[in-house]
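K.L.:
please find the sequence and the predicted model below.
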Amino acid sequence: MSPSPQSVHVDLGERSYDILIGQNVLESAGERIAALAPGARTVVVTDGRVARMHLDTLEASLEAAKIDSFAVIVTPGEGSKSWHGIQTVTDAIIGGRLERGDLVIALGGGVIGDLAGFAAAIARRGMRFVQMPTTLLAQVDSSVGGKTGINTEHGKNLVGSFHQPILVLADTATLETLPDREMKAGYAEMVKYGLIDDAAFFEWLEVNAPAVLAGEVEPRTEAIARSCAAKARVVADDEREGGRRALLNLGHTFGHALEVLCNYDPAKLVHGEGVAIGMVLAHRFSNHLGLCSGQDVQRVVAHLEGLGLPTDIAAIEGFNPTIDELVDAMKQDKKVERGALTFILTRGIGQSFIASDVSEGSLRSFLSTLDLT
Ligand SMILES: NC(=O)c1ccc[n+]([C@@H]2O[C@H](COP(=O)([O-])OP(=O)(O)OC[C@H]3O[C@@H](n4cnc5c(N)ncnc54)[C@H](O)[C@@H]3O)[C@@H](O)[C@H]2O)c1
Ligand SMILES: O=C(O)C(=O)C[C@@H](O)[C@H](O)[C@H](O)COP(=O)(O)O
Ligand SMILES: [Zn+2]
């Protein structure tokens, strides 16, 4: 018997929902969905790798609850977060004659959650969906908060919508099959919450990160639940990123630019690694601007490096962007206002803030201190 799952509530009025975190919660998916959406048919959107490992468990649970379902299986990786991917999923929904009242299930990492969530937002002008995250990154971040969407040839996450799930079922047992590199990449989004506004969580992670990454059930479940609670608080306060939610973008202005310039090639960089490098650059940039001490920068670098995460651009194999390329890619960021970049900067660990008055000149001056061509 697995212990009862931990529960975090996302308080959004009529769009409120629960996040259930625990070992083997996927086995209870059918009964939970039957209770939440009685009579609904379901489509499970997943990728080929996750399907091989975890689709059977979900399908058995749906079948036991007498829920009619079929699966759409896309290719793993960012390439599926695309116009082609969204066409595949929406065609399957419409072709499968799902009705507006039926349900889309995202079983997988952040790519699947973003893709399936966006498909649910637009198919039949809006269907309900459930997130069943299977990567650490998706369990601590992407399955919560309702940002859904795809990449376009111009950049990352440029087309999408805010569409909240009705339930998040985070089965921590699925992480047992997750490769070590993906586990670490997800950890970057977890430590982000400490760096944003919770120095005590950062300190806790400095002690407990090895146990979390090694898969010790208790500290890992606690770390996931604390991360979800942190995100839930921000999202409840500012669902559509009118203000404070932008803090969740710490490291992302740099990180997304790196992902785009690496052509989303997972051999070079995955999202969480881009965020790790981006968070270090955000701290270094803050230090360059006289906002954050060198000691705090070193503490962040030491923590991430100690866990085997990349912390600078030079760590990306065969990648030598110019300053112009980086600045140009950053200008597609959705936080840009009237052409000006917004950064999440920091005064120290757990003291991040939104800076919309950063000049391109000071960014270029900072980038020129890095070892770039
Ligand atoms: N919507 C949001 O708020 C939000 C937040 C953070 C990140 N994101 C997005 O999420 C994406 C990154 O998510 P990700 O890191 O989960 O990547 P991903 O979905 O590509 O998954 C990473 C890899 O792990 C595999 N995988 C997934 N679960 C597995 C398991 N249990 N066992 C073995 N292999 C497994 C996948 O097949 C894939 O190859 C990016 O596109 C990013 O932009 C969105
Ligand atoms: O939920 C949010 O808000 C975030 O910013 C979480 C990020 O980790 C995530 O990568 C998000 O997709 C980035 O958002 P974007 O608006 O910069 O595309
Ligand atoms: Zn992210």
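P.N.:
Noted; the coordinates are in hand. Ligands and ions are numbered 1, 2, ... in the order given.

K.L.:
only C-alpha atoms from now on, for both contacts and neighbour counts.
P.N.:
Fine.

K.L.:
how far away is the residue of the stretch 151-300 of the chain found nearest ligand 1 from residue 143?
P.N.:
Residue of the stretch 151-300 of the chain nearest ligand 1, by Cα to the nearest ligand atom: residue 178 (3.6 Å). As judged by Cα to Cα, to the nearest Å, residue 178 and residue 143 stand 17 Å apart.

K.L.:
okay, these two: which has more neighbours?
P.N.:
Neighbour count, other Cα atoms under 10 Å: between residue 178 and residue 143, residue 143 has more, with 33 against 15.

K.L.:
quick check: the more buried one touching residue 110?
P.N.:
Yes: Residue 143 is within contact range of residue 110, at 7.0 Å (criterion: Cα atoms under 8 Å).

K.L.:
find residues that contact each of the two.
P.N.:
Listed contacts common to residue 143 and residue 110 are residue 133; contacts here mean Cα atoms under 8 Å, 6 or more residues apart in numbering.

K.L.:
ok, then the element right after the biggest helix by length in the chain?
P.N.:
Taking DSSP state H as the criterion, the chain has its longest helix at helix 217-237. Downstream of helix 217-237, the next assigned helix or strand under DSSP states H and E is helix 252-261.

K.L.:
near ligand 1, which residues of the stretch 201-350 of the chain are found?
P.N.:
Within the stretch 201-350 of the chain, the positions adjacent to ligand 1 are residue 271 by Cα under 6 Å from any ligand atom.

K.L.:
sorry, back to before: what are the contacting residues of the longest helix of the chain?
P.N.:
6-12, 19, 21-22, 139-141, 144-145, 172, 190, 193, 208, 211-213, 244-245, 248.

K.L.:
quick one: mean pLDDT over it.
P.N.:
Helix 217-237 shows a mean pLDDT of 98.

K.L.:
so for stretch 34-51, mean pLDDT?
P.N.:
The pLDDT scores in stretch 34-51 average 98.

K.L.:
make that stretch 152-164, sorry
P.N.:
Mean predicted lDDT for stretch 152-164 stands at 97.

K.L.:
now that stretch: buried residues?
P.N.:
Buried residues in stretch 152-164, counted by 16 or more other Cα atoms under 10 Å: 155, 156, 157, 160, 161, 162, 163, 164.

K.L.:
any chance you could map the helices in the protein?
P.N.:
29-36, 48-50, 56-64, 83-95, 110-122, 136-137, 180-197, 199-214, 217-237, 252-261, 271-288, 294-306, 323-330, 360-367.

K.L.:
and the ones you listed as JSON lines, adding mean neighbour count?
P.N.:
JSON lines is the format used below for the helices of the chain (neighbours: other Cα atoms under 10 Å):
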{"stretch": "helix 29-36", "mean neighbour count": "17"}
{"stretch": "helix 48-50", "mean neighbour count": "17"}
{"stretch": "helix 56-64", "mean neighbour count": "17"}
{"stretch": "helix 83-95", "mean neighbour count": "17"}
{"stretch": "helix 110-122", "mean neighbour count": "28"}
{"stretch": "helix 136-137", "mean neighbour count": "26"}
{"stretch": "helix 180-197", "mean neighbour count": "23"}
{"stretch": "helix 199-214", "mean neighbour count": "17"}
{"stretch": "helix 217-237", "mean neighbour count": "20"}
{"stretch": "helix 252-261", "mean neighbour count": "25"}
{"stretch": "helix 271-288", "mean neighbour count": "26"}
{"stretch": "helix 294-306", "mean neighbour count": "17"}
{"stretch": "helix 323-330", "mean neighbour count": "17"}
{"stretch": "helix 360-367", "mean neighbour count": "15"}
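
K.L.:
out of the ones you listed, the one nearest residue 314 is which?
P.N.:
helix 271-288 (10.0 Å; Cα to Cα).

K.L.:
hmm, the closest one touching ligand 2?
P.N.:
No: Helix 271-288 does not reach ligand 2 (Cα under 6 Å from any ligand atom); its nearest approach is 7.5 Å.

K.L.:
could you check the angle helix 294-306 makes with that helix?
P.N.:
160 degrees (axes from the mean of the first three to the mean of the last three Cα atoms, to 10 degrees).

K.L.:
with only the CA atoms kept, save helix 271-288 in PDB.
P.N.:
Output in PDB follows, covering the C-alpha atoms of helix 271-288 (Å, rounded to 0.1, in the frame of the first residue of the first chain):
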ATOM      1  CA  HIS A 271      15.000  23.200 -21.200                       C
ATOM      2  CA  GLY A 272      16.000  22.700 -17.500                       C
ATOM      3  CA  GLU A 273      19.700  22.900 -18.400                       C
ATOM      4  CA  GLY A 274      19.000  26.200 -20.200                       C
ATOM      5  CA  VAL A 275      17.200  27.400 -17.100                       C
ATOM      6  CA  ALA A 276      20.200  26.400 -14.900                       C
ATOM      7  CA  ILE A 277      22.600  28.300 -17.100                       C
ATOM      8  CA  GLY A 278      20.100  31.200 -17.400                       C
ATOM      9  CA  MET A 279      19.700  31.400 -13.600                       C
ATOM     10  CA  VAL A 280      23.400  31.600 -13.100                       C
ATOM     11  CA  LEU A 281      23.600  34.300 -15.800                       C
ATOM     12  CA  ALA A 282      20.700  36.200 -14.100                       C
ATOM     13  CA  HIS A 283      22.800  36.200 -10.900                       C
ATOM     14  CA  ARG A 284      26.000  37.100 -12.700                       C
ATOM     15  CA  PHE A 285      24.200  39.900 -14.500                       C
ATOM     16  CA  SER A 286      22.800  41.200 -11.200                       C
ATOM     17  CA  ASN A 287      26.300  41.100  -9.800                       C
ATOM     18  CA  HIS A 288      27.500  43.000 -12.900                       C
END
